[in-house]
Every structure is written in C-alpha cells, then in structure tokens.
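Enquirer: model this:
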Amino acid sequence: MMEKHETDKAYEEGHPLMTDAEYDTKFGKNATAEYVNDTSAWEKMPHPDKFGGASLDKISVIVGGGFNFSELLDWSRVHYGPYCCSYKYDGISVNLIYEDGVLKHAITKGAGNLGEDILRNVLKMKNVRSVLFKPFDINLSIKAEIMIDQQTFEEVLKNRYVNARNGAGGAARAYDGENAHHCSLKYYGVVFLDELNADHDYDESGKFEMLQEMGFEHVVWKQASSITDVVNFYNDVLDKRASLGYEIDGIVVTRQTYPIPKHVENGDRPRYSVAVKLPYSEKRSRIVDIIWQNGMKGRITPVAIIEPIELSGATVSRVTLKNLDEIDRLKIAIGDEILVSRRGDVIPNIESNLTKRTESFFNFIPASCPSCGKLVSVERPYVFCRNSACSSKALGDIKTWVNTIKDHFNYRGFADKRIEQLYDSDLIKDASDLYSLTQYDLILLPGIGEAVSEDILDFAKYTEIPFSVFLTGLNIEGINHKMAKLVSERYETFGNLIESWDKKSLYLGLQRINGFGDFRALALIEGLDAKHDTWYGLLEYIEVIPDKKPKGDVLRGKKILYYRYIITA
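Expert: Below you'll find the model as predicted:
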C-alpha cells in the first residue's frame with residue numbers, strides 16, 4: 001500500500017505518484033455533501049467574539065477538486081470569522097531561516113524531521129532577501145513557495161520539464177544551481193522560532209503585514225469579515241487565475257486569530273486553517289478506441305483514445321484508464337461520452353462517464369502481451385506481462401536507469417524517444433550498453449549529428465553513483481527512491497547488501513527496516529536476483545558509493561512551524 005509520506009515526498013519533488021483527486025480520496029477528507037450554491041445562509045450565521053480552542057493545522061475540504069460550500073460552512077460553524085484569505089501556491093515549499101536578520105538556511109520539506117538545505121540555490125532566485133529590512137535579534141522562519149512563472153517556463157524550460165512546478169523542483173535542487181535564477185519566491189508565513197511556546201494568540205493578518213514590513217515582495221492576502229467575503233475572494237481568484245502568470249491551485253482560509261499550540265501530537269487534526277482547491281479545467285470528449293500499453297515494470301495499462309480536445313493549452317487525445325477497477329468505476333466502453341480534466345495542467349484524467357451504463361465491459365482485456373505476445377497475467381486490478389525477456393521490460397529498465405541518473409545529476413540529454421531509437425537500432429539492450437557507445441555508432445542514426453552524439457556520450461561521465469540512486473535505477477517493483485534510501489541507511493554500501501546474500505538472513509534484515517515491510521523485502525531480493533546480469537554489468541563501468549548523510553544538525557533543538565504543523569528538529 002502506498003504510504004502518505006511517500007506520496008507527499010514525491011509531490012514535493014515534482015513527480016506526483018497520483019492525481020490530486022486520488023490523493024484527496026485516499027488521504028484527505030472525503031466529503032460527500034451536495035454542492036450548495038446558495039450563500040444566503042452564511043450571511044445569517046451568528047459570529048460571536050469568542051474563539052474555540054484546538055490545535056493548529058490545515059485540513060482538506062476538497063471534493064473532486066472543486067469548491068464545496070457545505071464543507072466550508074461546516075468548518076465555519078466551529079471557527080468563526082473574521083478570516084484571512086491567501087493564495088495556495090502550486091510550487092516547492094521552503095522554510096527560510098533567518099538568524100539576527102540574516103538568511104542562514106533554506107530548508108525544503110523532507111521526510112520526517114530532515115529537510116534539504118538549498119541555500120546556495122535560493123540565493124540565486126528572484127526577490128530573495130538575504131538581509132531583512134528591519135533588524136531582529138531573534139530567529140525567524142519565513143515560509144515561502146519556490147515558483148517559475150508560466151512565461152519563463154514556456155520560453156526556457158518547456159522542453160526539459162513537464163510543467164512549471166516540476167521545473168521549480170528541479171531548479172531548486174540542482175547541484176550546480178542551473179536554472180535557479182529563473183525561480184522566484186512567494187511568501188506566506190512567518191514564525192518566531194524562539195517564541196513558539198508563547199501564550200499570546202497568533203495573528204494571521206499580522207503575519208502578512210510583518211512580511212511586508214520586512215521587505216518581502218509578492219505577499220498576497222485579504223481580510224474577510226464573514227464566510228460570504230471568503231466566497232467572494234474565491235470567485236475573484238477564479239476569475240483572475242489565468243492572468244496571474246504563475247500557478248495557484250486554490251486558496252487558504254485561516255481564522256484571523258488563534259492560540260499558538262504548545263504541542264501537536266501525532267494524529268491530531270487541528271482546523272484553524274483550510275485549503276480550498278480551484279476546479280480543474282474540464283471538457284467533454286468521446287472514446288474512439290481503447291488500447292493496452294506496456295509500462296516499464298511489466299504492467300499493461302488500458303489507455304483511452306479520445307476525440308482530441310484542448311485543455312490548459314495542450315491537445316489531449318489519450319487518457320490512461322489506470323487499471324481494471326477504474327474501468328469498473330467508470331463503466332466505460334468505446335463510443336462513450338466522457339468528461340476529461342487535466343490535473344495540475346499535466347495529467348489527463350477521465351472525471352466521469354456521461355454515458356450511463358449498468359455494467360462494465362471487460363471483453364477488451366488482451367489475452368497476450370502487446371510487446372512480446374506471451375500470455376498475460378490478470379492480477380486484479382492490474383494486468384501484467386510476467387515474461388522476463390519481454391522487450392518492453394528491457395526498454396523500461398533502461399529508461400528508468402537513465403531517468404534516475406538524469407534526476408540525480410540534473411543531466412539534460414537522453415529523452416525517452418532517443419532511448420527508444422537506440423534500442424530499436426540494437427545499439428543498447430541493457431543499461432550497461434550506455435557506457436560503451438561510441439560517436440561512430442551514434443552519428444549513423446537519423447537525426448543524430450555531432451552535437452547530439454556528444455550530449456548522449458556525456459551520460460557515461462557519471463560513474464560515481466550513490467547507493468540509493470543505484471538501487472532506484474534498477475527498476476525493481478516496489479523500490480522507489482524513498483525505499484532505496486532506507487536500504488542504504490541500513491546497509492550503507494551496496495557491497496554490504498550483496499555480501500549478506502543468504503536470502504533468508506537478507507529477508508529478515510530487510511524486514512527490520514522501519515516502513516519497509518514483507519512485500520518490499522521479497523521484491524528487492526527477487527528483483528536483485530532477476531536483474532543480476534544488469535547490475536553486475538553496470539559495475540564494470542561505475543562505482544557505487546555510499547550516500548551522503550544529511551546534515552541533521554542544521555535545526556537541531558529548534559522547532560519549525562511547517563504547513564501549520566509543529567515539527568521538532
């Protein structure tokens with residue numbers, strides 16, 4: 001089962017594992033109340049001066065990515081106005097730590113108590129303040145979102161990243177700081193780190209005013225005396241969203257004042273602030289065909305071919321149907337009229353089937369793999385090709401290796417289409433073949449000149465691969481980078497892992513890793529066994545080095561208010 005922290009980390013790094021609606025259903029508050037368009041009831045609501053007590057946090061009030069008035073109304077009955085409204089930016093979150101008014105650290109949201117200090121890159125970004133206008137003799141945490149505006153993305157980074165948010169994540173974490181200067185910061189929070197246990201209330205409007213007094217730019221907020229004013233703010237944001245020039249995916253509504261919590265226990269669901277998402281772009285289309293497509297790990301996925309539509313500036317003609325359960329949910333068939341959205345302006349998704357049916361149509365499940373022709377294995381809700389020699393799996397292994405190395409080293413060459421060209425030309429059949437390519441091999445291929453061939457050959461210069469990156473790149477089912485990091489923390493080197501190859505003892509050792517579990521322990525052992533020739537071949541060209549240990553003492557002993565959670569470092 002996919003864990004929340006694993007999904008959150010992938011989202012923060014710019015490569016979401018699921019759509020927003022899937023996340024809301026799996027981890028958020030799954031409201032089922034009807035959409036209410038009448039706001040007159042809110043105007044008649046009493047708004048006493050007294051505020052109720054609770055912990056501090058943000059909850060989700062999202063239903064299918066839209067604005068649910070009933071849910072907001074329920075929340076407002078407990079948390080009376082006035083309110084403070086602000087944008088919910090769709091970027092990469094960062095905490096800027098100021099000591100005596102000087103920026104000392106820029107910490108991204110990480111796993112558990114540890115984040116990544118990206119100060120070197122943040123100092124290159126637009127509108128960053130290295131020194132505050134006003135001197136402060138206490139430590140501050142300024143909360144901001146790293147963004148890339150749409151114009152910069154379209155003109156400079158479109159061919160490299162899938163969207164502006166993904167570009168911001170890549171630029172923020174790049175080792176060489178490349179493209180960091182294209183990023184800007186949007187500020188939305190301030191915390192006095194030395195006064196978190198104070199007894200006074202937290203003033204939300206005062207927070208934004210203080211940010212402006214300190215010299216921070218792009219601070220967007222508005223006071224709302226009632227929930228009706230909140231709705232008006234929401235509608236105003238909806239109208240101007242397209243002209244902002246950068247991505248927001250909702251608004252944040254916070255009670256004007258609330259007590260600063262001294263403790264936030266695990267599992268608490270404090271509700272002083274709510275996030276309300278803006279609706280996704282949606283259009284009608286019709287399914288003209290359903291095909292089955294091989295994935296990189298042997299999974300065969302149904303894909304709907306639809307009548308082309310324009311969504312968020314892109315032409316959409318294919319939409320994944322994910323798995324058999326999704327087909328069953330939609331009760332879908334060829335010829336059906338459907339409602340299509342483009343989640344986060346990236347992932348096309350079928351929101352609903354407008355052609356009502358009483359049963360599903362499974363008669364188009366393939367009997368054989370589209371790639372190798374071997375019989376498929378139906379393991380609901382998925383369909384697999386279990387043929388280890390299937391060419392789609394070999395190609396998937398190579399793509400995963402290349403993309404993992406690209407992500408880690410911020411390498412720009414080797415698009416998936418180029419990998420497919422080399423594979424179809426029999427120049428590469430395994431990841432290790434990438435390291436023995438020559439310029440003569442490449443320039444004989446269509447579309448590859450001297451400059452492109454040199455760019456491809458540059459890939460082979462990355463020969464020192466951290467243990468967790470190496471393990472991630474092997475494309476083993478269930479072993480993503482998060483899980484690979486856990487293995488590297490326990491065994492420290494790939495050599496230590498292989499030396500303990502007695503399968504029973506290795507299984508018991510992997511089981512002891514917190515959060516790893518039986519499935520991943522078995523998957524890793526079987527995967528390493530099945531991919532022995534791959535990793536053994538890679539070791540002829542590369543060196544697997546230990547992971548760098550994170551600097552866990554940057555915020556040791558301090559507390560940070562992050563996304564309205566108190567995190568003890």
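Enquirer: any chance you could map the helices in the stretch 401-550 of the chain?
Expert: Secondary structure of the stretch 401-550 of the chain (DSSP state H, counting those that start in this stretch): helices at 416-424, 439-443, 450-457, 467-473, 481-491, 494-499, 503-511, 517-530, 532-538.
Enquirer: and the angle for the fifth one with helix 503-511?
Expert: Taking axes from the mean of the first three to the mean of the last three C-alpha atoms, to 10 degrees, one finds helix 481-491 and helix 503-511 inclined to each other by 110 degrees.
Enquirer: Go ahead and measure how far helix 481-491 is from the middle of the chain.
Expert: 20 Å (C-alpha atoms, centre = their mean, to the nearest Å).
Enquirer: Now it: buried residues?
Expert: 481, 482, 483, 484, 485, 486, 487, 488, 491 (16 or more other C-beta atoms under 10 Å). In this view, the C-beta of every residue, glycine as well, is placed from N, C-alpha and C.
Enquirer: The second one now?
Expert: Counting neighbours by 16+ other C-beta under 10 Å, one finds that the buried residues in helix 439-443 are 441, 442.
Enquirer: Kindly state the pLDDT recorded for the closest residue to residue 469 other than its chain neighbours?
Expert: Using C-beta to C-beta, 6 or more residues apart in numbering and skipping residues adjacent in sequence, the residue nearest residue 469 is residue 408, 4.8 Å away. What the model reports for residue 408 is a pLDDT of 88.
Enquirer: quick one, what contacts residue 408?
Expert: 465, 466, 469 (C-beta atoms under 8 Å, 6 or more residues apart in numbering).
Enquirer: Can you convert the helices of the stretch 401-550 of the chain into JSON lines and add a column each for distance to residue 81?
Expert: Putting the helices of the stretch 401-550 of the chain into JSON lines (distance: least, C-beta to C-beta, whole Å) gives the following:
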{"stretch": "helix 416-424", "distance to residue 81": "51"}
{"stretch": "helix 439-443", "distance to residue 81": "65"}
{"stretch": "helix 450-457", "distance to residue 81": "57"}
{"stretch": "helix 467-473", "distance to residue 81": "48"}
{"stretch": "helix 481-491", "distance to residue 81": "40"}
{"stretch": "helix 494-499", "distance to residue 81": "57"}
{"stretch": "helix 503-511", "distance to residue 81": "51"}
{"stretch": "helix 517-530", "distance to residue 81": "46"}
{"stretch": "helix 532-538", "distance to residue 81": "60"}
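Enquirer: So which of the ones you listed is the most surrounded?
Expert: helix 467-473 (a mean of 25; mean count of other C-beta atoms under 10 Å).
Enquirer: Give me the distance from it to the chain's centre.
Expert: Relative to its parent chain, helix 467-473 has a centroid offset of 19 Å by C-alpha atoms, centre = their mean.
Enquirer: residues near the nearest residue to residue 282 once chain neighbours are set aside, how many?
Expert: Among residues not flanking residue 282 along the chain, residue 341 sits closest, at 4.6 Å (C-beta to C-beta, 6+ apart). Counted by other C-beta atoms under 10 Å, the residues lying close to residue 341 total 25.
Enquirer: And residue 341, what's its pLDDT?
Expert: Per-residue pLDDT puts residue 341 at 87.
Enquirer: Tell me which residues touch residue 307, please.
Expert: Counted by C-beta under 8 Å, 6+ apart, residue 307 has contacts 285, 286, 288, 317.
Enquirer: now swap in residue 173 and tell me
Expert: 13, 108, 116, 118, 121.
Enquirer: So which of these are in strands?
Expert: Using DSSP state E, residue 108 are the members of those that sit in strands.
Enquirer: Out of the contacts of residue 173, which two are the most distant from each other?
Expert: The span of these, defined through C-beta to C-beta, is set by 13 and 121 at 14.4 Å.
Enquirer: out of the two, which sits in the busier spot?
Expert: residue 121 (24 against 20).
Enquirer: Distance check, the nearest residue to residue 442 once chain neighbours are set aside against residue 232.
Expert: In this structure, residue 442 finds its nearest non-sequential neighbour in residue 453, 3.9 Å apart by C-beta to C-beta, 6+ apart. Distance, residue 453 to residue 232, using C-beta to C-beta, to the nearest Å: 58 Å.
Enquirer: returning to what we had before: quick one, which of the contacts of residue 307 are buried?
Expert: Looks like these have residue 285 buried, using 16+ other C-beta under 10 Å.
Enquirer: pLDDT, distance to residue 191 and secondary structure added to the contacts of residue 307, as TSV?
Expert: Listed next are these as TSV, based on pLDDT from 0 to 100; distance: C-beta to C-beta, whole Å; DSSP: H, G, I helix; E, B strand; the rest coil:
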residue	pLDDT	distance to residue 191	secondary structure
285	94	46	strand
286	95	51	strand
288	94	53	strand
317	92	47	strand
